[in-house]
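S.K.: Starting from these lines, generate the structure:
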Amino acid sequence: MRTKITGYFSLVVIVVLSVTFMSGCALKAKYLKEDYTPPITIAVLPMANQTNNMTGSLLVRKLFQQIAPKRGYNIITLEEVDLGLKSIGITDGGQLSSVAIEDLAKAIDADAFVYSTLLEFKFITLGIYYKRIVKAHFRMIDAGTGDLLWEDTRKGKTSEFTMDFEKIKEQLAVKLIENIFKSPLKPEAERMVRKVLSTMPKRRK
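M.R.: Okay, the predicted model is just below:
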């Protein structure tokens, strides 16, 4: 009996230490150029959207633009970026793949461009289980050379199994309110953006 208890205790300790170790590890970018030199001014381009949600890409782009300055970068306003894109006939993130970096650089005065794609943006409720998930891919391209400087994919999610019917109703009500105020899955979206930005090197001013 003592052997079983000791073995169980050892397993618990290993699990706890493993979780502690993983939580203490800093996130690493999927790709970071070896001789990376942080650009000064960045333009956050409209997102390409692989989901059925039409407001999610707008929310994630706005959150990225708002939080990125904390990494030391100067961020061009979204209005200025969109005006520059409109001058070359671009109104949607899905069109950007067909535009040469040279043309973008002529339309928008930036040192680098952030391209992104919204991969997942959904709220799933299946009886006793609900899941909220936001996932996106980002990459930063040098405006002068077209080189890939940084790239990463992250997600933010909330999920739970619950037998509490009131809690399930509460989650459905939250979903309705978020849709009304055009801020669906905002906590998960913000969590995802902060994760992805944590892998983009800080720029020292």
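
S.K.: and the residue nearest to residue 204 when sequence neighbours are not counted, how far is that from residue 104?
M.R.: Closest residue to residue 204 apart from its sequence neighbours, by C-beta to C-beta, 6 or more residues apart in numbering: residue 72 at 6.3 Å. Using the backbone N, CA and C atoms, a C-beta is placed for each residue, glycine as well. Using C-beta to C-beta, to the nearest Å, one gets 23 Å for the distance from residue 72 to residue 104.

S.K.: how much space between residue 99 and residue 201?
M.R.: 26 Å.

S.K.: which sections of this structure are below the confidence cut-off?
M.R.: Scanning the chain for pLDDT under 70 picks out 1-25, 126-129, 159-183.

S.K.: Strands along that one, start to end?
M.R.: With strands called from DSSP state E, the chain shows them at 31-32, 41-44, 48-49, 74-75, 112-126, 129-142, 148-161.

S.K.: Compare those strands and report which one is nearest to residue 81.
M.R.: Residue 81 lies closest to strand 41-44 among the strands of the chain, at 4.9 Å (C-beta to C-beta).

S.K.: Strand partners (parallel or antiparallel) of the closest one?
M.R.: strand 74-75 (parallel), strand 112-126 (parallel) (DSSP bridges).

S.K.: looking at those strands, which is buried most?
M.R.: The highest mean neighbour count among the strands paired with strand 41-44, using mean count of other C-beta atoms under 10 Å, belongs to strand 112-126: a mean of 19.

S.K.: Could you list the alpha-carbon positions for that strand in CSV?
M.R.: C-alpha atoms of strand 112-126 as CSV (Å, rounded to 0.1, in the frame of the first residue of the first chain):
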residue,chain,number,x,y,z
ALA,A,112,7.8,46.8,-42.6
PHE,A,113,4.3,45.3,-43.2
VAL,A,114,2.4,42.9,-41.0
TYR,A,115,0.4,40.4,-43.0
SER,A,116,-2.1,38.1,-41.1
THR,A,117,-4.7,35.4,-41.6
LEU,A,118,-7.5,34.6,-39.3
LEU,A,119,-7.6,30.8,-39.1
GLU,A,120,-10.2,30.1,-36.5
PHE,A,121,-12.9,32.2,-34.8
LYS,A,122,-15.7,30.2,-33.3
PHE,A,123,-17.9,29.6,-30.3
ILE,A,124,-19.0,26.0,-30.0
THR,A,125,-21.7,24.8,-27.6
LEU,A,126,-22.4,21.1,-27.5
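
S.K.: Next one: the closest residue to residue 122 other than its chain neighbours from residue 187, what distance?
M.R.: Nearest non-adjacent residue to residue 122, counting by C-beta to C-beta, 6+ apart: residue 133, 6.0 Å away. Distance, residue 133 to residue 187, using C-beta to C-beta: 12 Å.

S.K.: who has more neighbours, these two?
M.R.: residue 133 (18 against 14; other C-beta atoms under 10 Å).
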